[in-house]
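Asker: model the following, please.
(chains A and B)
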2 protein chains.
Amino acid sequence: MTMHFGEAQASRALPVSSRLESFLATNMFDQPTLVIDTDIVAQQFMALKAGLGEADIHYAVKANPTREVISRLVEVGSHFDAASRGEIELCLSLGARPETISFGNTVKRASDIAFAYRAGITLFAADAEEEIEKIAHNAPGAQVYIRIIVETSEADWPLSRKFGCDRDTAIALMGHAKMLGLDPVGLSFHVGSQTRRSEMWAPTLDAMATIWHDAIALGHDLRLLNIGGGFPAFYGEAIEAPTAYAAGVMRQVRERFGDVERVMAEPGRGLVAEAGVLACEVMLVSRKSARDAHRWVYLDIGKFSGLAETIDEAIRYQFETPRDGDPEGPCILAGPSCDSADVLYEKRPVHLPMTLAAGDRVLIRNTGAYTSSYSSVGFNGFPPLAVVAI
Amino acid sequence: MTMHFGEAQASRALPVSSRLESFLATNMFDQPTLVIDTDIVAQQFMALKAGLGEADIHYAVKANPTREVISRLVEVGSHFDAASRGEIELCLSLGARPETISFGNTVKRASDIAFAYRAGITLFAADAEEEIEKIAHNAPGAQVYIRIIVETSEADWPLSRKFGCDRDTAIALMGHAKMLGLDPVGLSFHVGSQTRRSEMWAPTLDAMATIWHDAIALGHDLRLLNIGGGFPAFYGEAIEAPTAYAAGVMRQVRERFGDVERVMAEPGRGLVAEAGVLACEVMLVSRKSARDAHRWVYLDIGKFSGLAETIDEAIRYQFETPRDGDPEGPCILAGPSCDSADVLYEKRPVHLPMTLAAGDRVLIRNTGAYTSSYSSVGFNGFPPLAVVAI
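Answerer: Residues are numbered from 1 along each chain as shown, chains lettered A, B, ... in the order given. I've put the predicted structure just below:
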């Protein structure tokens, strides 16, 4: 099989795991299956940690909540960023200590805050007055960090305005939190998903540092900076290797924020994406008309069974087939459901071998993040994406 | 509670079920829950059937595969359109006879075709040579209908080019099917989801009739016309009532196709959407900045837990709250996950009461179709959408 990886991958610290390759070569699956190599997860954790230094890694559980992934990260000393009660329960059940878990969703059910507090979790995110009130009521005295909205993203996938608030609101919220007996301990932000090089963090860090120093000047005792995620995975375009990337981010953080008592980072994609390979199958190759230049290739996995990040063709996965090396042509790639929106890549077709046919196996590389948990319960009667951890 | 239904709803044959209203009034749920009234499903089936006359209704199982919905439709004499082996197994397990099930996905796994054939299913869809070959090999002698691509949709949600082929390809496929021992029995098409009035079918029916008569003139013995779905549900804009709509479609079909031996229709949304109400909860109401004119309202259900049809703000649901009647203001509506793409309505904000607050119940009307089965297995640790059939 031809590897579609270019030099960016070759420059990465981590070689493609021969364990993963040999598992894929010797196992066939009767439904789309994500194979995730927990050794790669552990290696990637170490590579990021080497660059992040004293900063704590809080793995963003939502990226891949597979139990073996969480267990392995508990073993190597990771902390966790949980989006819900379900994720908190998962981490606790696998041995994570509550003081290593932050409840990072700015939108929390009141009863889930109370649950987390009873479980020993003391660090919560907020970006709104009503949320501060819920936290004060259900987790009295807890630490809160205020999420700031980022308007300066250079990410491949900039975030919407869904999370965060502006400077003035943030400073008002700190005062409100203090008044309600909470400890407004710091700030968080998110530079945008898949920010490919560390220097792209500069404009966001500039904006955040201004707010940080303003808040301190106004008397707030900030000791926690949560730099969020944005750590990239390889999807075909060059990215900076993880240790250099993390070190580059931390250097810029220190330049602007000085010695912060506690820095936390929340890699998700950057920790687990490259640890996963999705094995699937071609269902059909067709042309709508004899005049069409491109073929339609239908896989047995689509937007509703794991590849949700192809929405707007945002994330471009790398495909590998047993026919690689044969002449190629442009293909529109689609999923197996009877849903006309279940098209993966159409605006920018994917080049695949002309010889590709129904029944061929397709490997989709670097699919360890934001795949299995997005999968629908059974849209069109297809089972959810299977996951095998090795 | 104020009902947001306008006169379109008032002109519908079906009154809002008092059984559904009283169930909602007397039951609270601790997670987002779809309540579906199988009486309304049965009534809607009868209303469509009254207009469709001799045509068979093949319910598009993907719209809502809840067991109680399928059972009720088996009882009232519905046929079924299945997208996968899973949906076929579901229908068979609930008493549907195999000769009432068509395998309507044009993209089928070879082993699933063989399974269906062994189970007694003899009617398959195709739009490509490779699919015809799979069917000939795995379901020898079966009936196939060729799906034609529609370029003339007037639907609220026109379909992509994912399904169907053009006239010349279709006619070539019929010849190919015959050569391989299959029975190319007819044509299918899909006018586009949520086509609100029957007269909007005219341009598509014109185009299909041309191909139909051409194929007959070329010696193909066409006896089956599958008019697909497109039957609308009420989402705030006026729609034609079901019996008049179905009769209007059939009148136009007869004008163009004459007396076809067998006509089948595949309503999904049009059968079940109005039978469902989704009960959910406000998690947070906030403003990003004191200068923002709109509020952000976060619900405990979002794009990845059942409201996938809000992608591109395509389907606009109707919301009902206990504070309806209070002064309203524009809101951006978002889901509970830590995913910045999990925003329901932003380009066209939703007007909701200014008094709305965390903990308030929200009912989302006419959500019986394309909700529960789209729900993710557990994105962000949130459980899949619960379903209660009454």
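Asker: leaving out chain neighbours, which residue sits closest to the residue in the stretch 151-300 of chain A positioned nearest to chain B?
Answerer: Closest contact between the stretch 151-300 of chain A and chain B, by C-beta to the nearest C-beta, is at A:Ser286 (3.2 Å). Where you see a C-beta, it was placed from the backbone N, CA and C, and this is true even at glycine. Nearest residue to A:Ser286, sequence neighbours excluded (C-beta to C-beta, 6 or more residues apart in numbering or on different chains): B:Ala128, at 3.2 Å.
Asker: isn't that neighbour right next to A:Leu284, touching?
Answerer: Yes: counting by C-beta atoms under 8 Å, B:Ala128 touches A:Leu284, with 5.9 Å between them.
Asker: and for those two, which residues touch both?
Answerer: Residues touching both B:Ala128 and A:Leu284 by C-beta atoms under 8 Å, 6 or more residues apart in numbering or on different chains: A:296, B:106.
Asker: who's more crowded, the two?
Answerer: For the pair B:Ala128 and A:Leu284, the greater number of neighbours falls to A:Leu284 (28 against 25), based on other C-beta atoms under 10 Å in any protein chain shown.
Asker: read off the pLDDT value for the more buried one.
Answerer: For A:Leu284, the pLDDT comes out at 96.
Asker: just A:Val150 next, same as before
Answerer: 86.
Asker: which ones are touching the residue nearest to A:Ser286?
Answerer: A:284-287, A:296, B:106, B:165, B:173.
Asker: what about those residues, which are in strands?
Answerer: A:284-286, A:296 (DSSP state E).
Asker: re earlier: please state the backbone phi and psi of the residue nearest to A:Ser286?
Answerer: phi -150, psi 150 (degrees, to the nearest 10).
Asker: for the closest residue to A:Ala47 other than its chain neighbours, the count of nearby residues, please.
Answerer: Residue nearest to A:Ala47 in three dimensions, not counting chain neighbours: A:Pro242, with 4.1 Å by C-beta to C-beta, 6+ apart. Close neighbours of A:Pro242, defined as other C-beta under 10 Å, add up to 28.
Asker: report the separation between A:Pro242 and B:Val377.
Answerer: Distance, A:Pro242 to B:Val377, by C-beta to C-beta, to the nearest Å: 29 Å.
Asker: and A:Lys62, by the same measure?
Answerer: 13 Å.
Asker: just A:Ser22 next, same as before
Answerer: Counting by C-beta to C-beta - A:Ser22 and B:Val377 are separated by 29 Å.
Asker: more crowded one of those two?
Answerer: Of the pair A:Ser22 and B:Val377, B:Val377 is the one with more neighbours under other C-beta under 10 Å, namely 21 against 11.
Asker: got the phi/psi numbers for that one?
Answerer: Dihedral pair for B:Val377: phi -60, psi -20, per degrees, to the nearest 10.
Asker: OK, contacts around it?
Answerer: A:372-373, A:375-377, A:384, B:384.
Asker: can you check the pLDDT for it?
Answerer: For B:Val377, pLDDT reads 86.
Asker: measure the residue lying closest to it once chain neighbours are set aside to A:Ile149 for me?
Answerer: In this structure, B:Val377 finds its nearest non-sequential neighbour in A:Pro384, 4.7 Å apart by C-beta to C-beta, 6+ apart. Taking C-beta to C-beta as the measure, A:Pro384 falls 34 Å from A:Ile149.
Asker: and if you look at A:Asp112?
Answerer: Taking C-beta to C-beta as the measure, A:Asp112 falls 23 Å from A:Ile149.
Asker: quick revisit: so which of the contacts of B:Ala128 comes closest to B:Tyr317?
Answerer: B:Thr106 (29.3 Å; C-beta to C-beta).
Asker: what residues are bridge-paired with A:Trp296?
Answerer: Counting by DSSP bridges, A:Trp296 forms beta bridges with A:Ser286, A:Ile332.
Asker: does it really touch B:Gly164, like I thought?
Answerer: No: between A:Trp296 and B:Gly164 there is no contact under C-beta under 8 Å: 10.6 Å.
Asker: so what sits against both of the two?
Answerer: A:Lys288.
Asker: what's the helix or strand containing A:Ala279 packed up against?
Answerer: Using DSSP states H and E, A:Ala279 sits in strand A:276-286. The contact analysis (3 or more C-beta pairs under 8 Å, 6 or more residues apart in numbering or on different chains; DSSP states H and E) places strand A:276-286 against helix A:18-26, strand A:33-36, strand A:295-299, strand A:361-365, helix B:129-138.
Asker: closest to B:Glu274 out of the ones you listed?
Answerer: strand A:295-299 (32.0 Å).
Asker: give me the mean pLDDT for the closest one.
Answerer: 96.
Asker: rounded mean pLDDT for the helix or strand following that strand, please.
Answerer: Toward the C-terminal end, the helix or strand that comes next after strand A:295-299 (DSSP H and E) is strand A:318-320. Across strand A:318-320, the average pLDDT comes to 95.
Asker: so what strands line up beside strand A:318-320?
Answerer: Note on strand A:318-320: by DSSP bridges, its sheet partners are strand A:361-365 (antiparallel).
Asker: kindly export the partner strand (C-alpha atoms) in PDB.
Answerer: This file holds the C-alpha atoms of strand A:361-365, laid out as PDB (Å, rounded to 0.1, in the frame of the first residue of the first chain):
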ATOM      1  CA  ARG A 361     -10.900  -2.000   1.900                       C
ATOM      2  CA  VAL A 362     -10.200   1.600   2.600                       C
ATOM      3  CA  LEU A 363      -8.100   2.800   5.500                       C
ATOM      4  CA  ILE A 364      -8.700   6.400   6.800                       C
ATOM      5  CA  ARG A 365      -5.700   7.600   8.600                       C
END
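Asker: and the helix or strand following that strand, what does it pack onto?
Answerer: Counting by DSSP H and E, the element after strand A:361-365 in chain order, helix or strand, is strand A:386-389. Contacts defined by 3+ C-beta pairs under 8 Å, 6+ apart place strand A:386-389 against strand A:33-36, helix A:67-75.
Asker: tell me which helix or strand comes right after the first one.
Answerer: It refers to strand A:33-36. Moving toward the C-terminus from strand A:33-36, the next helix or strand (DSSP H and E) is helix A:38-52.
Asker: show me the shaky parts of the stretch 1-150 of chain A.
Answerer: Within the stretch 1-150 of chain A, the set of residues satisfying pLDDT under 70 comprises A:1-16.
Asker: what ranges do the strands span in the stretch 201-350 of chain A?
Answerer: With DSSP state E, counting those that start in this stretch as the criterion, the stretch 201-350 of chain A has strands at A:224-228, A:262-265, A:276-286, A:295-299, A:318-320, A:328-334, A:343-353.
Asker: okay if I get those strands as TSV plus distance to B:Met250?
Answerer: Listed next are the strands of the stretch 201-350 of chain A as TSV, based on distance: least, C-beta to C-beta, whole Å:
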stretch	distance to B:Met250
strand A:224-228	57
strand A:262-265	62
strand A:276-286	31
strand A:295-299	32
strand A:318-320	45
strand A:328-334	32
strand A:343-353	32
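Asker: for B:Ala207, which of the helices and strands packed on strand A:276-286 is the nearest?
Answerer: So among these, strand A:295-299 is nearest, using C-beta to C-beta, at 20.6 Å.
Asker: touching the closest one from outside, list them.
Answerer: By C-beta under 8 Å, 6+ apart, the residues outside strand A:295-299 that reach it are A:32, A:280-288, A:329-336, A:344, A:350, A:352, A:356, A:362, B:107, B:128, B:162.
Asker: now a ChimeraX select for only the buried ones of these.
Answerer: Applying 16 or more other C-beta atoms under 10 Å in any protein chain shown to the contacts of strand A:295-299, the buried members can be selected in ChimeraX as follows:
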select /A:32,280,281,282,283,284,285,286,287,288,331,332,333,334,335,336,344,350,352,356,362 /B:107,128,162
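Asker: quick one: which of the contacts of B:Ala128 is nearest A:Gly270?
Answerer: The nearest member of the contacts of B:Ala128 to A:Gly270, counting by C-beta to C-beta, is A:Trp296 at 33.1 Å.
Asker: which residues does the residue with the largest distance to the centre of chain A contact?
Answerer: Relative to the mean C-alpha coordinate of chain A, counting by C-alpha atoms, centre = their mean, the farthest residue is A:Ala290 (41.2 Å). Contacts of A:Ala290 were listed using C-beta under 8 Å, 6+ apart, and they are B:168-169.
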